[in-house]
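**Student:** Pasting a predicted model and its sequence here:
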Amino acid sequence: MNALKHLNKYFFKYRYRLIIGIIITIVAKIFALFTPRLVGASINVVSDRLDGKITEEVFRSELMINILYLVGAAVVAGLFTFLMRQTIINVSRYIEYDLKNEIYQHYQVLSQNFYKSNRTGDLMNRISEDVGKVRMYVGPALMYTMNTLTLFTVAIIYMVNTAPTLTLYTLLPLPILSVTIYKLSRLINKRSTIVQESLSTLSTYSQETFSGISVIKSYGIEPRTNTEFEDLSAENRQKQINLTKVQALFFPLMILLIGISNIIVIYIGGRQYMNGQIENIGTIAEFIIYVNMLTWPVATVGWVTSLVQQAEASQKRINEFLETEPDIKNKVNELTPIKGDIEFKNVSFIYPDTNIEALKNVSFKLNSGETLAILGKTGSGKSTILDLIGRLYDIDNGKIFVDDSPIAELNLYSLRESIGYVPQDAFLFSDSIKNNIKFGKEDATDEEVIEAAKNARVHKNIIGFNKSYDTVLGERGITLSGGQKQRVSIARAIIKRPEILLFDDCLSAVDTETEEKILKNLVKLTKDKTTIIVSHRVSSAKNADKIIVLEDGKIIQTGNHQSLIDTDGYYKELYTKQLSEKEL
Ligand SMILES: Nc1ncnc2c1ncn2[C@@H]1O[C@H](COP(=O)(O)OP(=O)(O)OP(=O)(O)O)[C@@H](O)[C@H]1O
């Protein structure tokens with residue numbers, strides 16, 4: 001029960017509702033338990049009349065009173081049972097909501113590395129399925145436990161008062177029922193988990209084939225994917241059948257045990273009535289109803305135990321993530337406005353998960369307002385430099401200064417707030433184009449959105465769509481071309497007017513002519529902003545104040561366009577090659 005302690009704060013938060021819920025449960029059960037007594041009393045009235053012990057008049061009036069009480073008790077019990085669900089189950093929904101928010105907010109704080117070392121499916125499962133299982137502990141498990149406890153306490157008091165020996169015999173099969181249901185529930189859970197896993201494999205497979213449908217079609221491998229899907233489906237079917245087999249045992253088993261208890265009550269009760277141990281025949285009817293009323297709560301003891309075990313396992317998985325500390329922490333509480341000077345001093349960086357040394361002894365200085373272009377072969381460490389400026393990773397060797405302060409001594413949110421980052425693979429949300437651009441600046445006006453789109457040279461494309469800026473992208477809408485995506489992503493960064501702009505090879509899918517125009521706009525926009533452009537093209541780099549060329553994590557050339565084309569090396573070669581390509 002250790003892991004579940006995490007939920008105590010929520011129980012405390014909703015303590016008043018819970019206490020009310022518990023009181024309501026007790027009242028509901030007390031009223032429900034009037035039924036067997038009243039039925040017993042009614043049968044006794046009938047039996048007394050048959051024996052001629054009471055007159056027809058007394059018989060009628062007593063029977064009528066009993067029936068009225070029965071109806072009254074049933075109505076009150078029903079009403080309170082409704083209220084019981086409305087309070088306790090509602091509390092479980094509130095706690096589910098709080099817990100989901102807590103997990104989601106924690107996910108948001110965790111660093112890049114966390115997302116790389118855990119699969120998205122796993123993150124989703126913990127926030128949905130695991131929270132769902134925990135809710136079963138908070139709601140139904142609590143409710144049924146209260147239910148069973150109250151029912152048992154009250155019923156046993158009534159039963160022992162009426163017929164102590166018969167009570168003993170009646171209760172005898174119930175522990176067997178509870179243990180059996182517990183074992184069965186565990187088996188059901190085990191098989192459900194297997195079914196869930198197989199369903200998740202099936203959906204991952206389908207999802208992947210749907211996303212990659214163009215590759216599947218172009219290679220003509222639909223028959224192969226069909227067969228693979230059929231095999232996975234058949235496996236899933238078998239697992240579902242195995243589950244149904246044990247599920248099918250649940251109710252027959254309960255009915256069997258109720259039947260056995262009923263027979264015991266009739267047999268033992270009948271004998272006791274005949275030899276005078278029990279005074280009234282109505283007691284037998286009363287006990288039969290008790291048995292039927294107690295069976296379900298007893299069965300739930302087994303069921304609830306397995307619910308709690310599952311909730312415990314789920315909460316443990318949730319806690320594992322909640323206890324994960326972010327690798328990158330904000331150490332400064334007050335905001336630290338950023339001007340935009342950036343300096344790398346002998347920075348070396350090894351990716352912790354792959355042990356790849358992406359940067360080796362890199363040094364450069366960039367004053368606020370200057371532009372730096374970084375060139376180099378693929379995998380040479382260009383994007384890593386940008387990631388380090390955004391403090392997505394912390395370094396162990398060397399120093400990074402922003403505005404003369406070590407980067408870790410700046411307020412993390414101020415730092416990231418001051419950066420406009422355009423990643424290599426533009427990611428756009430399934431939302432309107434306007435909202436995708438406004439993502440960079442929530443309160444941007446329509447005019448600002450249009451201006452940013454114009455500067456990124458994507459405005460004309462956008463107004464060409466039927467719904468213009470309200471065109472929805474992604475799964476629910478249209479798909480933009482690679483170059484259009486890149487340009488929307490640029491608009492998103494420039495609308496923010498940040499102090500530092502980082503462009504990670506974000507014009508690669510744009511033709512050189514459009515590239516030229518965008519760069520011209522960027523020169524105007526980034527006049528007083530620190531800008532870093534990562535590129536494979538000399539055309540993107542030539543106007544930069546400084547250029548560095550990376551190879552295998554090391555800086556192999558530094559200078560500006562003119563100085564670098566005057567020197568033999570990577571830059572000059574690239575320039576000559578790209579110039580001749582252009583002439584072709
Ligand atoms: N998140 C990461 N985790 C582990 N290793 C990484 C990660 N990102 C990059 N690397 C490795 O670090 C090295 C440098 O990668 P980086 O992305 O900085 O290169 P790049 O010059 O930007 O390449 P490209 O031009 O292809 O974008 C590569 O060997 C890469 O495999």
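**Tutor:** Received it, and whenever you're ready, just let me know what you need. Since the structure is predicted, the reported quantities are computational estimates derived from the model, not experimental observations. Numbers count the residues shown, from 1 in each chain.
**Student:** What ranges in this structure fall below the confidence cut-off?
**Tutor:** 1, 475-478, 581-584 (pLDDT under 70).
**Student:** Contact distance from the ligand - what residues of it qualify?
**Tutor:** 351, 353-354, 356, 358, 376, 378-384, 424, 505 (C-beta under 6 Å from any ligand atom). Bear in mind the C-beta positions are built from the backbone N, C-alpha and C, glycine included.
**Student:** same thing but at 5 Å, please
**Tutor:** Tyr351, Thr354, Ile356, Ala358, Thr378, Gly379, Ser380, Gly381, Lys382, Ser383, Thr384 (C-beta under 5 Å from any ligand atom).
**Student:** buried subset of these?
**Tutor:** Buried members of the residues of the chain next to the ligand, counted by 16 or more other C-beta atoms under 10 Å: Ala358, Ser380, Gly381, Lys382, Ser383, Thr384.
**Student:** Inside strands: which ones of those?
**Tutor:** Ala358 (DSSP state E).
**Student:** related to what we said a few turns ago, in the residues of the chain next to the ligand, find the pair that's most separated.
**Tutor:** Thr354 and Lys382 (16.8 Å; C-beta to C-beta).
**Student:** and Tyr158, what is it in contact with?
**Tutor:** Leu33, Pro36, Arg37, Tyr290 (C-beta atoms under 8 Å, 6 or more residues apart in numbering).
**Student:** typed the wrong thing, it's Ser261
**Tutor:** Ser261 touches Thr170, Pro173, Leu174, Val291, Thr295, counting by C-beta under 8 Å, 6+ apart.
**Student:** The helix or strand hosting the third one packs against which elements?
**Tutor:** Spelled out, that is Leu174. Assigning secondary structure by DSSP states H and E places Leu174 in helix 173-211. Packing partners of helix 173-211 (3 or more C-beta pairs under 8 Å, 6 or more residues apart in numbering; DSSP states H and E): helix 222-274, helix 282-322.
**Student:** To what extent is the nearest residue to Lys496 once chain neighbours are set aside buried, counted in neighbours?
**Tutor:** Spatial nearest neighbour of Lys496, excluding adjacent residues (C-beta to C-beta, 6 or more residues apart in numbering): Gly440 at 4.0 Å. Neighbours of Gly440 under the rule other C-beta atoms under 10 Å: 21.
**Student:** tell me which element Gly440 is part of?
**Tutor:** Going by DSSP H and E, Gly440 is not part of any helix or strand.
**Student:** Which residues are in contact with it?
**Tutor:** Gly420, Ala452, Ala491, Arg492, Ala493, Ile494, Ile495, Lys496.
**Student:** and of those residues, the nearest to Arg224?
**Tutor:** For the contacts of Gly440, the nearest to Arg224 is Arg492 (39.8 Å; C-beta to C-beta).
**Student:** Quick check: the gap between the residue nearest in space to the middle of the chain and Val138.
**Tutor:** Centroid check for the chain by C-alpha atoms, centre = their mean gives Ile127 as the closest residue, at 2.7 Å. Separation of Ile127 from Val138 (C-beta to C-beta, to the nearest Å): 16 Å.
**Student:** For the stretch 51-200 of the chain, which residue gets nearest to the ligand?
**Tutor:** Lys116 (6.2 Å; C-beta to the nearest ligand atom).
**Student:** who touches that residue in this structure?
**Tutor:** Asp353 are the contacts of Lys116 under C-beta under 8 Å, 6+ apart.
**Student:** Point me to the helix or strand that includes it.
**Tutor:** helix 112-117.
**Student:** Using PDB, write down the CA coordinates of that helix.
**Tutor:** Extracted in PDB, the C-alpha atoms of helix 112-117 (Å, rounded to 0.1, in the frame of the first residue of the first chain):
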ATOM      1  CA  GLN A 112      14.400  16.100 -23.500                       C
ATOM      2  CA  ASN A 113      16.400  13.000 -22.300                       C
ATOM      3  CA  PHE A 114      13.400  11.700 -20.400                       C
ATOM      4  CA  TYR A 115      11.300  11.700 -23.600                       C
ATOM      5  CA  LYS A 116      14.100   9.900 -25.400                       C
ATOM      6  CA  SER A 117      14.400   7.200 -22.900                       C
END
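**Student:** buried stuff in the helix or strand following it?
**Tutor:** Downstream of helix 112-117, the first helix or strand assigned by DSSP H and E is helix 120-125. By 16+ other C-beta under 10 Å, the buried positions in helix 120-125 come out as Leu123, Asn125.
**Student:** which residues sit against helix 120-125?
**Tutor:** Residues contacting helix 120-125 (C-beta under 8 Å, 6+ apart): Tyr107, Tyr115, Ser200, Thr204, Phe321.
**Student:** can we see that at 7 Å?
**Tutor:** Tyr107, Ser200, Thr204 (C-beta atoms under 7 Å, 6 or more residues apart in numbering).
**Student:** Next, Leu501: phi, psi?
**Tutor:** phi -120, psi 130 (degrees, to the nearest 10).
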